[in-house]
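Colleague: the following block contains a protein sequence and its predicted model.
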Amino acid sequence: MLDHHETVVTYAHASMMSAAGHNVHGGGGDPTAFDADLDGNKLRMLAFLDSVYGDKYSPHPSDTAGVDFAAGIRAGLRLIDELAPRLRQPAVREMARRMRATHVRILAELDSAAGAPPKH
């Protein structure tokens, strides 16, 4: 999950640095806000791994060429939905719930900024 999440963070960073991304700072679909939310989720996952398992994992993003940010967020939702029924620890289930909520909100903002109906 962390590798996928790191890929989505990479999408957010790229979007944030693009000319179009700069044009929406502070408005709907703001990649800077998405980046902050996604980084927060990543830091919580890393802290959990370290505190519970002593694991100092370093996530590795996949190649992001040719895939857009919304597609990465949708893929994250599918992954969360697929894994959620198997999560046993309450803290991990809560992290997954928060991540899912963040992904749903980001998709809604992206769809709203694009003038499209939500697709999730």
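Modeller: Looks like it arrived, so ask away.
Colleague: where does this protein have low pLDDT?
Modeller: The model of the chain has pLDDT under 70 over residues 16, 18-29, 114-120.
Colleague: all helices for it, in order.
Modeller: 2-17, 19-23, 31-48, 69-83, 90-114 (DSSP state H).
Colleague: make CSV from the ones you listed and add mean neighbour count and distance to Lys56 to it.
Modeller: Yep, even glycine has a C-beta here, placed from its N, CA and C like the rest. Conversion of the helices of the chain to CSV gives the following (neighbours: other Cβ atoms under 10 Å; distance: least, Cβ to Cβ, whole Å):
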stretch, mean neighbour count, distance to Lys56
helix 2-17, 19, 12
helix 19-23, 11, 31
helix 31-48, 18, 8
helix 69-83, 17, 22
helix 90-114, 16, 18
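Colleague: need those in a markdown table with distance to Pro59, can you?
Modeller: Formatted as a markdown table, the helices of the chain follow (distance: least, Cβ to Cβ, whole Å):
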| stretch | distance to Pro59 |
| --- | --- |
| helix 2-17 | 4 |
| helix 19-23 | 22 |
| helix 31-48 | 7 |
| helix 69-83 | 13 |
| helix 90-114 | 14 |
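Colleague: out of the ones you listed, nearest to Asp63?
Modeller: Taking Cβ to Cβ, helix 2-17 is the member of the helices of the chain nearest to Asp63, at 8.4 Å.
Colleague: on contacts alone, who are the packing partners of the closest one?
Modeller: Where contact means 3 or more Cβ pairs under 8 Å, 6 or more residues apart in numbering; DSSP states H and E, helix 2-17 is packed against helix 31-48, helix 69-83.
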